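**Q** sequence? don't have it. structure:
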Ligand SMILES: Nc1ncnc2c1ncn2[C@@H]1O[C@H](COP(=O)(O)OP(=O)(O)O)[C@@H](O)[C@H]1O
Ligand SMILES: [Mg+2]
């Protein structure tokens, strides 16, 4: 009794895990059985495969067809198993020679007429195929995406029939040629913001050191506007980062035209977003907002309006740079190294501290509003900055500020200093990376006692001071850098 085998992948987060589709056709009552922890989308694959074969004029043999997805102990999710299953059956029916298939892994969804429809995770599948020394068969529309994953042989047929013709040597498919180009969307520019010099300075420091930042200010002061301009100050992703981010978008089904992501992403989920929407997971595991913000910016506007659950779930990824999602039988990990930017009003009505309008319930209004943001979360924020409304005079003036491009140049220089010195940005350094002169150490000690900073708070103060010194091209942290950094810790 022969068994035919076709390679494919399941995905743990964005990591490909080899799966073998084994097909056995035996005499017996006609049946089409699938085993190997397949979820609903996969078991439904039987019907799509049957219909696709019929559309090609191939009837399933009236025998017992057994499909096993091995290894049987990992859950198989998604619709990309259609193609390897159909190929396995064609092989078991002796229509396609098995040797031809040994050199390929396959992913793709079949429609009822045999067309191949796009699936998620094609880049990761192509990386997996490369590590197995195989080529990849994927839907036509995703040939370019597969090229991003590795220098391997790729077959990207429009439908099952053309793939069959290829293997029968009747109509050879050629390697897709086109490597997708990144789509460059215009990012909003910093020069649209008038005044707000101190807020812009805080944004520049955050950009330079990769620091997390909380902006507190009245409604309409320009907090959202400022946050949206942070990506324009950041350098392009490195090729390694770009590949990782692109794989996450592919895994979420959000990759447009197979174009690689090369700019740091900006995600700003609404405060009604659930914890699952933020962290990922759910019935079908998908990356959440924090993973979609990987190597970019996660902006939470109206921070206290988010559910406490959602906010607490941010604590782990803020420390580790990834998120682990519990599944019925295993854990799935997605990368989630994002720059955390948050904004809030000073109190529920938003007018505390406003010179024009007054908050009438000081201090209750503020206390009630900020209660949800726990100490541990606040402790993970490097910069806390107060945003003030600009005056009508500044608003109507014609003067435009500095452009993102020129600020980005300074940011880039400061980042290079950090990377040559310590191979990471200042937001990740610990106290042993920092040396202080006695004079500066004295000042830090005094200030920390006065502000009752925790050990974590002190580290954050020094990290920000280091970035300020880097922006000023200074070898060592001086008193001025510490003094400026202290502005961002008081609340
Ligand atoms: N400094 C500024 N320069 C130019 N326009 C501003 C400025 N501050 C606020 N605005 C205008 O006010 C609008 C509201 O700002 P927004 O960022 O949404 O405020 P917030 O998030 O603090 O409530 C912006 O879309 C912009 O049109
Ligand atoms: Mg806003």
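**A** Ah, there it is. Remember, predicted model here, so these are calculated numbers, not experimental data. Ligands and ions are numbered 1, 2, ... in the order given.

**Q** which stretches in the stretch 351-491 of the chain count as helices?
**A** Secondary structure of the stretch 351-491 of the chain (DSSP state H, counting those that start in this stretch): helices located at 364-370, 375-379, 392-396, 404-422, 438-451, 455-471, 479-486.

**Q** confidence score at the residue of the stretch 251-400 of the chain found nearest ligand 1?
**A** Residue nearest to ligand 1 within the stretch 251-400 of the chain: residue 390 (4.7 Å; Cβ to the nearest ligand atom). All C-beta spots, glycine's among them, are computed from the backbone N, C-alpha and C. What the model reports for residue 390 is a pLDDT of 82.

**Q** run through the residues that contact it.
**A** Residue 390 sits next to 194-196, 221-222 when contact means Cβ atoms under 8 Å, 6 or more residues apart in numbering.

**Q** try it again at 10 Å.
**A** 193-197, 199, 221-222, 397 (Cβ atoms under 10 Å, 6 or more residues apart in numbering).

**Q** in the chain, which residue sits nearest ligand 2?
**A** residue 224 (3.4 Å; Cβ to the ion).

**Q** shouldn't that residue be in contact with residue 268?
**A** Yes - assessed by Cβ atoms under 10 Å, residue 224 is found in contact with residue 268 at 7.9 Å.

**Q** would you mind listing what in the stretch 101-250 of the chain touches ligand 2?
**A** Counting by Cβ under 5 Å from the ion, the residues of the stretch 101-250 of the chain close to ligand 2 are residue 224.

**Q** where along the stretch 101-250 of the chain do the helices fall?
**A** Counting by DSSP H, counting those that start in this stretch, the stretch 101-250 of the chain has helices at residues 122-131, 143-149, 160-167, 197-209, 223-228, 239-251.

**Q** for the ones you listed, give me TSV that also has distance to ligand 1, mean neighbour count and mean pLDDT.
**A** Shown next, in TSV, are the helices of the stretch 101-250 of the chain (distance: least, Cβ to the nearest ligand atom, whole Å; neighbours: other Cβ atoms under 10 Å; pLDDT from 0 to 100):
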stretch	distance to ligand 1	mean neighbour count	mean pLDDT
helix 122-131	35	25	96
helix 143-149	36	24	92
helix 160-167	51	20	94
helix 197-209	8	23	95
helix 223-228	3	20	94
helix 239-251	26	21	95
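
**Q** export these as a markdown table, with columns for distance to residue 345.
**A** Below are the helices of the stretch 101-250 of the chain laid out as a markdown table (distance: least, Cβ to Cβ, whole Å):
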| stretch | distance to residue 345 |
| --- | --- |
| helix 122-131 | 41 |
| helix 143-149 | 43 |
| helix 160-167 | 57 |
| helix 197-209 | 15 |
| helix 223-228 | 9 |
| helix 239-251 | 32 |
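
**Q** closest to residue 23 out of those?
**A** Nearest to residue 23 among those is helix 160-167; the distance by Cβ to Cβ comes to 15.2 Å.

**Q** tell me the buried residues in stretch 73-84?
**A** Going by neighbour count (16 or more other Cβ atoms under 10 Å), the buried part of stretch 73-84 is 74-84.

**Q** report the rounded mean pLDDT for it.
**A** Rounded mean pLDDT across stretch 73-84 is 90.

**Q** so which elements touch the least confident helix or strand in the chain by mean pLDDT?
**A** Counting by mean pLDDT, DSSP states H and E, the chain has its least confident helix or strand at helix 364-370, which shows a mean of 74. If contacts are counted by 3 or more Cβ pairs under 10 Å, 6 or more residues apart in numbering; DSSP states H and E, helix 364-370 sits against no helix or strand.

**Q** and it, how far out from the chain middle?
**A** Relative to its parent chain, helix 364-370 has a centroid offset of 33 Å by Cα atoms, centre = their mean, to the nearest Å.

**Q** got a list of what residue 382 touches?
**A** Applying Cβ under 10 Å, 6+ apart, the residues near residue 382 are 205-206, 209-214, 339-340, 426-427, 457, 459-461, 463-464, 467, 485, 488-489.

**Q** hang on, residue 304 in a strand?
**A** No - assessed with DSSP: H, G, I helix; E, B strand; the rest coil, residue 304 is helix; it does not lie in a strand.

**Q** about what we covered before: ok, residues contacting the least confident helix or strand of the chain?
**A** 216, 303-305, 344-353, 359, 361, 378, 491.

**Q** recalculate using a threshold of 8 Å.
**A** By Cβ under 8 Å, 6+ apart, the surrounding residues in contact with helix 364-370 are 304, 344-349, 352, 359.

**Q** out of the residues you listed, which are buried?
**A** Neighbour counting over these (16+ other Cβ under 10 Å) leaves 304, 344-349, 352, 359 as the buried ones.

**Q** of those residues, which pair is most distant in space?
**A** Taking Cβ to Cβ, no two of the buried ones among the contacts of helix 364-370 sit farther apart than 304 and 359, at 14.9 Å.

**Q** returning to what we had before: among the helices of the stretch 101-250 of the chain, which comes closest to residue 30?
**A** Among the helices of the stretch 101-250 of the chain, helix 160-167 sits nearest to residue 30 (Cβ to Cβ), with 21.8 Å.

**Q** show me what from this protein comes close to ligand 1.
**A** Residues of the chain lying close to ligand 1 (Cβ under 6 Å from any ligand atom) are 193-196, 217, 219-225, 343, 390.

**Q** dump these to TSV, plus distance to residue 237.
**A** Output for these, formatted as TSV (distance: Cβ to Cβ, whole Å):
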residue	distance to residue 237
193	25
194	30
195	31
196	28
217	30
219	33
220	33
221	31
222	27
223	26
224	24
225	24
343	25
390	33
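
**Q** show me how to select, in ChimeraX, the buried members of those residues.
**A** Applying 16+ other Cβ under 10 Å to the residues of the chain next to ligand 1 leaves a buried subset, and the ChimeraX line that selects it is:
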select :193,194,195,196,217,221,222,223,224,225,343,390
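
**Q** what's the farthest-apart pair in the residues of the chain next to ligand 1?
**A** Spatially, the most separated pair among the residues of the chain next to ligand 1 is 194 and 343, at 18.4 Å (Cβ to Cβ).

**Q** pLDDT value on the spatially closest residue to residue 412 that is not a sequence neighbour, please?
**A** With sequence-adjacent residues excluded and distances taken as Cβ to Cβ, 6 or more residues apart in numbering, residue 412 is closest to residue 235, at 5.5 Å. We have a pLDDT of 95 for residue 235.

**Q** pretty sure residue 235 sits against residue 408.
**A** Yes - between residue 235 and residue 408 there is a contact at 7.2 Å, judged by Cβ atoms under 8 Å.

**Q** give the burial count for residue 484, as a bare number.
**A** By other Cβ atoms under 10 Å, the residues close to residue 484 number 18.

**Q** excluding chain neighbours, what is closest to it?
**A** With Cβ to Cβ, 6+ apart as the criterion, residue 484 has its nearest non-adjacent residue at 5.2 Å, and that residue is residue 468.

**Q** and residue 33, by the same measure?
**A** residue 66 (5.1 Å).

**Q** within the sheet, what are the partner strands of the helix or strand containing the one you found, with directions?
**A** According to DSSP states H and E, residue 66 maps onto strand 64-70. Strand 64-70 has these partner strands in its sheet, going by DSSP bridges: strand 15-26 (antiparallel), strand 31-35 (parallel).
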